[in-house]
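Engineer: This is the structure alone, sequence omitted:
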C-alpha cells in the first residue's frame, strides 16, 4: 500500500506450536486430498497470517494489494474480502476457482 510492505505471512503452525513436519500431517495420514478438509489442518495459510499480523500491529489493510505464491482457498478469500484488500496477485493457480466469483462480486 503506497509502495510499502505492511505485513508478511507464511504457511505454518500457529506461533509457538509444533508444525506438521515435527508431528506428522493428519491430512496425509487420513489420505485427504490436497485442498479439501482444510479445517483439520494444523497450519495457518499465509493470507490468514497476513491479516492476523496486521491486526496485532494495528495496521489497516484496506485498499492494499496482497502478493501470494498461489490463488487463495475459499476460507482465505472470504477473509481477504472482509479485510478490504483491494487487489490479489498470485504467481500460480490451484484447481479450485471458487474464489473468483467472490472477488468479482466484492
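Structural biologist: Happy to help now that I have it. Quick caveat: nothing in here was measured; it's all calculated off a predicted structure.
Engineer: From now on I want contacts and neighbour counts done on CA atoms only, so please keep to that.
Structural biologist: Fine.
Engineer: State the pLDDT value of the spatially most central residue of the chain.
Structural biologist: The centroid of the chain falls nearest to residue 47 when counting by Cα atoms, centre = their mean (2.6 Å). Note for residue 47: predicted pLDDT of 94.
Engineer: sec struct for it, please.
Structural biologist: Look at residue 47: counting by DSSP: H, G, I helix; E, B strand; the rest coil, its state is helix.
Engineer: Just confirm it contacts residue 76, I think it does.
Structural biologist: Yes - contact criterion Cα atoms under 8 Å: residue 47 and residue 76 qualify, at 6.2 Å.
Engineer: For the residue nearest to the centre of the chain, give its distance to residue 30.
Structural biologist: 25 Å (Cα to Cα, to the nearest Å).
Engineer: just residue 6 next, same as before
Structural biologist: Applying Cα to Cα to residue 6 and residue 30 gives a distance of 37 Å.
Engineer: okay, the two: which has more neighbours?
Structural biologist: Taking other Cα atoms under 10 Å, residue 6 and residue 30 do not tie; residue 6 has more neighbours (17 against 8).
Engineer: And the more buried one, its phi and psi?
Structural biologist: phi -90, psi -40 (degrees, to the nearest 10).
Engineer: Look up the pLDDT of it for me, please.
Structural biologist: According to the prediction, residue 6 has pLDDT 91.
Engineer: just residue 97 next, same as before
Structural biologist: What the model reports for residue 97 is a pLDDT of 69.
Engineer: again with residue 12
Structural biologist: 90.
Engineer: so where's the protein uncertain?
Structural biologist: 95-98, 106 (pLDDT under 70).
Engineer: Quick one: the helices in it, in order.
Structural biologist: With DSSP state H, the ranges of helices along the chain come out as 20-23, 26-29, 46-56, 74-82, 98-105.
Engineer: Take those and write them to CSV, including distance to residue 11.
Structural biologist: CSV is the format used below for these (distance: least, Cα to Cα, whole Å):
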stretch, distance to residue 11
helix 20-23, 11
helix 26-29, 15
helix 46-56, 5
helix 74-82, 12
helix 98-105, 19
